[in-house]
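Student: A predicted structure for the sequence below; I have some questions about it.
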Amino acid sequence: MKAPVTNLKSKRAQKPKPSLLEQLAEPLRDIVSDLKSNVADELKKLRERDSARYLELSVKLLPLIAQLNPKPDDYSDCQDMRSIGVKLLKSVGANEFEMTEAMIEEAVQCNDTFVDRLLQIRARAEGAIQ
């Protein structure tokens, strides 16, 4: 007895079901568009009508705003050479909780050597060193 022949062509022609994100993409774009158009006016009205509720909403939005506008990941928040050493090690994947003081000190020494070399390159380019 022969096995029934299935129509492979029709199975291939069927589109895969869109993901939830794909299904929500257009409605989410509509929400964002509406917010862009109306949120400033609505927030102004809320601030005038119920300043406590406005403040509550503002505080809830602060983490989202901070995530949307991250500060550059530079060394400006480092207060001392130790924090620079920690940041340098973290930049290459070291776990901060596994760092030893010796590792941090070595990273600081490597940074000092690197900066000294950069200064030599600059000085040579400016003609100060041959």
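Tutor: All right, it came through fine. Numbering: from 1, shown residues only.
Student: by contact count, what packs against the lengthiest helix in the chain?
Tutor: Looking across the chain with DSSP state H, the single longest helix is helix 20-49. Where contact means 3 or more Cβ pairs under 8 Å, 6 or more residues apart in numbering; DSSP states H and E, helix 20-49 is packed against helix 51-68. In this view, the C-beta of every residue, glycine as well, is placed from N, C-alpha and C.
Student: and the chain, what are its domain boundaries?
Tutor: For the chain, the structural domains run 20-68, 81-125, going by automatic domain parsing.
Student: just tell me which of the ones you listed ends up closest to residue 74.
Tutor: domain 81-125 (9.2 Å; Cβ to Cβ).
Student: end-to-end on the closest one?
Tutor: 28 Å (Cα to Cα, to the nearest Å).
Student: just the pLDDT at residue 58, thanks.
Tutor: Looking at residue 58, its pLDDT is 88.
Student: pLDDT below threshold where in this protein?
Tutor: 1-13, 70-72, 129-130 (pLDDT under 70).
Student: which of the three states applies to residue 122?
Tutor: helix (DSSP: H, G, I helix; E, B strand; the rest coil).
Student: rewinding a little: now the longest helix of the chain, how far from the centre of its chain.
Tutor: 23 Å (Cα atoms, centre = their mean, to the nearest Å).
Student: now stretch 91-110
Tutor: 23 Å.
Student: which parts of it are buried?
Tutor: 104, 107-108 (16 or more other Cβ atoms under 10 Å).
Student: may I have that stretch as CSV, with CA atoms only?
Tutor: Taking Å, rounded to 0.1, in the frame of the first residue of the first chain, the C-alpha atoms of stretch 91-110 are listed here in CSV:
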residue,chain,number,x,y,z
SER,A,91,36.1,47.3,29.7
VAL,A,92,37.8,44.0,28.8
GLY,A,93,35.2,41.9,30.6
ALA,A,94,36.7,41.5,34.1
ASN,A,95,34.1,40.9,36.8
GLU,A,96,34.3,43.8,39.3
PHE,A,97,33.6,41.4,42.2
GLU,A,98,36.5,39.2,41.3
MET,A,99,39.1,42.0,40.9
THR,A,100,41.9,42.1,43.4
GLU,A,101,43.8,45.2,44.5
ALA,A,102,46.8,43.8,42.7
MET,A,103,44.9,43.5,39.4
ILE,A,104,43.6,47.1,39.8
GLU,A,105,47.1,48.4,40.6
GLU,A,106,48.5,46.6,37.5
ALA,A,107,45.8,48.1,35.3
VAL,A,108,46.6,51.6,36.6
GLN,A,109,50.3,50.9,35.8
CYS,A,110,49.5,49.8,32.3
